[in-house]
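>>> One predicted model, sequence on top.
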Amino acid sequence: MSGTIAALATPSGRSGIGVIRLSGENAREIAERIAPKAGSSLLPRRAKLAEIVDPQTGQTIDTAVITYFQSPHSFTGEDVVEISCHGSPVVLRQVLDLVLRLGARPASAGEFTLRALANGKLDLSEAEAIRDLIEAGTAAAARQAIRQMRGEFSHRLSPIKERLLDVIVILESSLEFVEDDLPTTATEQIKSCLADIEAELRKFAATFDSGRLVRDGIRVALAGRPNVGKSSLFNALIGDERAIVTEIAGTTRDEIRERFVIDDIAVYLTDTAGLRETGDVVEKIGVERSRRAIADSDLCLVVIDATEPVTEEDRAILKSIEAIPCLIVINKIDKSSDFDERISELGDMAASEVIKVSALTGAGLDTLKASIIGRFRPAETDNDGFLVTDARHYDLLIRAAEEIAHANDALSQKMSEEIVLVGLHNALRYLGSITGETTTEDMLTRIFLTFCIGK
Ligand code: GDP
């Protein structure tokens, strides 16, 4: 992790300004060389208007604002220079090439943040929160990321780690100094303390159910036989959210996916091609894709036509997706009021929630949206709404809880303190991995690969 790194810190493309960021021991020297008139007068945390000049050709590339952050008072903890140029891709390319020619090297993904971590400017969960904040798709996701970025995760974990350490210390010292076993009362106290810690970790981990949805949204698939109104419902659901709808890349002719937001939660809605058995090769591929989209979804909306009796095909569709949480949507209620008949025709199959709508008039859509979200709404937690949003953190919390549970079992079975301690040290290591104290080098590399360049 040596050398001076440089990268474009703003998105590529045309914009008002574009920022090139440098970090490392030569950052200031490089800035002085490309901005000779302003260079030597750069003051820490002061912006300076300066001409950027190629020292080889003497040509002016741009007029930019240079801000210098002296080590250790910078994002990375090293000397940092930010050059705010005009947001022309050509200018930005030239300035970046120039600083690279003068000795900086291109930063890899997340390298600025990695340096901040190495220099103790933030811990790993805070670093990951910066990535999540940049990638947040809703205000709720951004709010969670900000809380984590401000150290809330570490803050909540640290008393749990302290208590675990207390237990470890008692057991370690009993190994060192006591010939006999721990007295029964001490063992009972330790066991109840470990059970408390385990319960607390599991409760914390359980917030991931909601946290995942706040961060990544809900995947909802539409299913139903042809002409029941899936496409109409798809359009009706995303229709009034058009302003914030974006086409998701990778959609195919037979599978459309759009994003919209209900109550601050992103919903990715997929309109599938249909699920009927077919001999047609192309249609078969479509059906296979539909099955996959449905299998990958958090919730499936099975659309039934209110105007026609329930068919074998409707039943076959419902049967084929039994394993997935479903909402039955009876559509076209503007044209037929026979929905009670549909429900009774569905019999046992209507066991999951049934919602009546008209994609045409919009009747029932608000109820449908509320039902989609209702199933996933973050549960009330006594964490003041702080949620675990990252699968890595969830996994580590669960592993730590399991190690503690095993250690507690070992204590009950009067196994040696050494065995109990191995489990407790593992648990502590897992918890330390969340904040980065005990994260291995290759794990760090993998985590930082998920960052963007320039961050
Ligand atoms: P899909 O094949 O399941 O995607 O169905 P479509 O969305 O293409 O709709 C099939 C037909 O039903 C079209 O003629 C729609 O206009 C009609 N349709 C869809 N939803 C409604 C509705 O709520 N009420 C009425 N009256 N017609 C609807």
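Right, received. Where do you want to start?
>>> and L8, bridged to which residues?
Assessed by DSSP bridges, L8 has beta-bridge partners I20.
>>> wait, it sits on L22?
No. Judged on Cβ atoms under 8 Å, L8 makes no contact with L22 at a distance of 11.2 Å. To be clear about C-beta, it is placed using only N, CA and C from the backbone, and glycine gets the same treatment.
>>> Which of those two has more residues huddled nearby?
L22 (29 against 20; other Cβ atoms under 10 Å).
>>> Shouldn't the more buried one be within a helix?
No. Secondary structure of L22 (DSSP: H, G, I helix; E, B strand; the rest coil): strand, not part of a helix.
>>> quick one: contacts for it?
4-6, 30-31, 80-83, 99, 104 (Cβ atoms under 8 Å, 6 or more residues apart in numbering).
>>> try L327
299-302, 352-355, 368, 371-372.
>>> Now restrict those residues to buried residues only.
Buried residues within the contacts of L327, defined by neighbour count using 16 or more other Cβ atoms under 10 Å: 299-302, 354-355, 368, 371-372.
>>> Now pLDDT too, for those residues, in TSV please.
Below are those laid out as TSV (pLDDT from 0 to 100):
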residue	pLDDT
L299	92
C300	93
L301	94
V302	92
V354	90
I355	93
L368	95
S371	93
I372	92
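>>> ok, so of those residues, who is nearest K414?
Taking Cβ to Cβ as the measure, K414 lies nearest L299 of the buried ones among the contacts of L327, at 48.1 Å.
>>> one step back: inside strands: which ones of the buried ones among the contacts of L327?
Among these, the members found in strands (DSSP state E) are 299-302, 354-355.
>>> Which one of the contacts of L327 is nearest to G229?
The nearest member of the contacts of L327 to G229, counting by Cβ to Cβ, is L301 at 11.0 Å.
>>> any low-confidence regions in the stretch 51-200 of the chain?
Counting by pLDDT under 70, the stretch 51-200 of the chain has low-confidence residues at 177-182.
>>> For L165, list the residues it contacts.
L165 touches L428, counting by Cβ under 8 Å, 6+ apart.
>>> looking at this, it is in a helix?
Yes. Counting by three-state DSSP, L165 is found in a helix.
>>> Quick check: it vs the ligand, distance?
59 Å (Cβ to the nearest ligand atom, to the nearest Å).
>>> Return the residues of the stretch 351-455 of the chain in contact with the ligand.
Taking Cβ under 6 Å from any ligand atom, the part of the stretch 351-455 of the chain that reaches the ligand is made up of 358-360.
>>> Take the residues you listed and keep only those in helices.
Judged by DSSP state H, helices contain none of those.
>>> Mark which of those are buried, thanks.
358-359.
>>> Mind putting the residues of the stretch 351-455 of the chain next to the ligand into JSON lines with pLDDT?
Output for these, formatted as JSON lines (pLDDT from 0 to 100):
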{"residue": "S358", "pLDDT": "95"}
{"residue": "A359", "pLDDT": "92"}
{"residue": "L360", "pLDDT": "90"}
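>>> shaky segments in the stretch 351-455 of the chain?
351, 378-383.
>>> for it, what spans make up the helices?
Here the stretch 351-455 of the chain has its helices, by DSSP state H, counting those that start in this stretch, at 365-374, 391-412, 417-435, 441-448.
>>> which strands and helices sit next to the first one?
So the one you mean is helix 365-374. strand 218-223, helix 230-239, strand 256-262, strand 265-271, strand 299-305, strand 326-331, strand 354-356 (3 or more Cβ pairs under 8 Å, 6 or more residues apart in numbering; DSSP states H and E).
>>> Sheet partners, orientation included, of the shortest one?
Right, the one you point to is strand 354-356. In the sheet, strand 354-356 lines up against strand 326-331 (parallel) (DSSP bridges).
>>> Show residues contacting the next helix or strand after the partner strand.
Once strand 326-331 ends, the next helix or strand along the chain (criterion: DSSP states H and E) is helix 339-346. The list of residues contacting helix 339-346 from outside it, by Cβ under 8 Å, 6+ apart, reads 304, 306, 309-310, 314-315, 318, 328, 330, 333, 350, 354, 356.
>>> give me that answer again for 6 Å
For helix 339-346, contacts defined as Cβ atoms under 6 Å, 6 or more residues apart in numbering pick out 304, 306, 310, 330, 350, 354, 356.
>>> which one of those residues sits closest to the ligand?
A306 (8.1 Å; Cβ to the nearest ligand atom).
>>> In contact with the closest one, which residues are there?
Neighbour list for A306: 330, 332-333, 336, 338-339, 342 [criterion: Cβ under 6 Å, 6+ apart].
>>> hmm, back to that, among the helices of the stretch 351-455 of the chain, which comes closest to V228?
Nearest of the helices of the stretch 351-455 of the chain to V228, taken as Cβ to Cβ: helix 365-374 at 14.5 Å.
>>> Run through who's touching the closest one.
236, 262-263, 265, 327, 353, 355, 357.
>>> likewise stretch 132-142?
With contacts defined as Cβ under 6 Å, 6+ apart, stretch 132-142 is touched by 145, 214-215, 261, 264, 266.
>>> Near the ligand, which residues of the chain are found?
Contact residues (Cβ under 6 Å from any ligand atom) of the chain with the ligand: 224, 226-232, 331-332, 334-335, 358-360.
>>> now, the most widely separated pair of those?
Spatial extent of these (Cβ to Cβ) is set by the pair P226 and D334 at 19.7 Å.
>>> ok, the two, which is more surrounded?
Applying other Cβ under 10 Å to P226 and D334 shows that D334 carries more neighbours, namely 16 against 10.
>>> Correct me if wrong: that one contacts G364.
No. The criterion here is Cβ atoms under 6 Å, and D334 misses it with G364 at 9.9 Å.
>>> TSV for the helices and strands packed on helix 365-374, including distance to Q189?
Output for the helices and strands packed on helix 365-374, formatted as TSV (distance: least, Cβ to Cβ, whole Å):
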stretch	distance to Q189
strand 218-223	44
helix 230-239	56
strand 256-262	48
strand 265-271	43
strand 299-305	45
strand 326-331	48
strand 354-356	53
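>>> what separates the nearest residue to L421 once chain neighbours are set aside from the ligand, distance-wise?
Nearest non-adjacent residue to L421, counting by Cβ to Cβ, 6 or more residues apart in numbering: L171, 5.4 Å away. Distance, L171 to the ligand, using Cβ to the nearest ligand atom: 63 Å.
>>> So what's the residue count around L171?
21.
>>> ok, now T185?
When neighbours are counted by other Cβ under 10 Å, T185 registers 8.
>>> N235 too?
Neighbour count of N235, defined by other Cβ under 10 Å: 15.
>>> Could you check how far it is from S358?
If you measure N235 against S358 using Cβ to Cβ, to the nearest Å, the figure is 13 Å.
>>> and if you look at P325?
24 Å.
>>> again, but for S192
Taken as Cβ to Cβ, the span from S192 to S358 is 58 Å.
>>> what does L124 give?
Applying Cβ to Cβ, the value for L124 to S358 is 50 Å.
>>> Same question for K37.
Distance from K37 to S358, by Cβ to Cβ: 69 Å.
>>> just P89 next, same as before
Distance, P89 to S358, using Cβ to Cβ: 49 Å.
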